[in-house]
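> below: sequence and its predicted model.
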Amino acid sequence: MHNEPHTNGGDGELIPLSRIHILSYQSALIRFTMIDSQPWFIATDVCKAIGAYNPRQGAAHYVRAVSDDSKALRRLQTQVKGVSAVLTVSRDGLDKLLWLALHSVTKAWSVLSSVDAQVSVVVSRGASDV
């Protein structure tokens with residue numbers, strides 16, 4: 001797709017369902033996984049949660065500005081589609097994504113606070129890495 005940004009992690013690492021954690025922000029769900037003991041977030045979920053999702057561009061509009069080492073294209077195992085490609089962002093990538101969205105979306109700071117609190121709980125429980 002021409003709107004997808006360049007990403008590192010071109011191997012398209014598979015994230016199995018058992019490694020997906022789900023955060024909630026109001027009625028939106030944000031999926032993430034632990035990779036090398038760090039949370040990586042599904043960019044589309046973050047953009048939907050803050051109201052910055054454009055169905056035509058997906059999350060690509062905001063993810064494009066995230067540095068290459070803070071984003072990766074991965075394969076996500078799903079119950080409905082089998083396996084689909086998703087853009088993921090690291091914690092630093094999440095900060096950048098929300099900072100960019102702040103210019104047009106007022107919910108970004110509250111999403112960041114909520115995500116931080118919920119990820120801390122998962123990490124303290126010792127969530128397993130992919």
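Yes, it's here. Numbering: from 1, shown residues only.
> is K71 in a bridge, and if so with what?
Counting by DSSP bridges, K71 is bridged to V89.
> residues in contact with V119?
L23, F32, P39, R91 (CB atoms under 8 Å, 6 or more residues apart in numbering). To be clear about C-beta, it is placed using only N, CA and C from the backbone, and glycine gets the same treatment.
> give me the distance between the first one and L94.
By that I understand L23. Counting by CB to CB, to the nearest Å, the gap from L23 to L94 is 11 Å.
> okay, and the common contacts of the two?
Joint contacts of L23 and L94 (CB under 8 Å, 6+ apart) are V115.
> and V119, helix, strand or coil?
Following DSSP: H, G, I helix; E, B strand; the rest coil, V119 is assigned to helix.
> pLDDT wise, what is it at?
As predicted, V119 sits at a pLDDT of 83.
> measure Y25 to S90 for me?
Counting by CB to CB - Y25 and S90 are separated by 18 Å.
> er, G126 I mean
19 Å.
> got it, and A65?
Distance from A65 to S90, by CB to CB: 14 Å.
> out of these two, which sits in the busier spot?
S90 (20 against 13; other CB atoms under 10 Å).
> surely that one touches D68?
No - look at S90 against D68 with CB atoms under 8 Å: they stay out of range, at 11.0 Å.
> measure stretch 82-98 end to end?
End-to-end span of stretch 82-98 (CA to CA, to the nearest Å): 29 Å.
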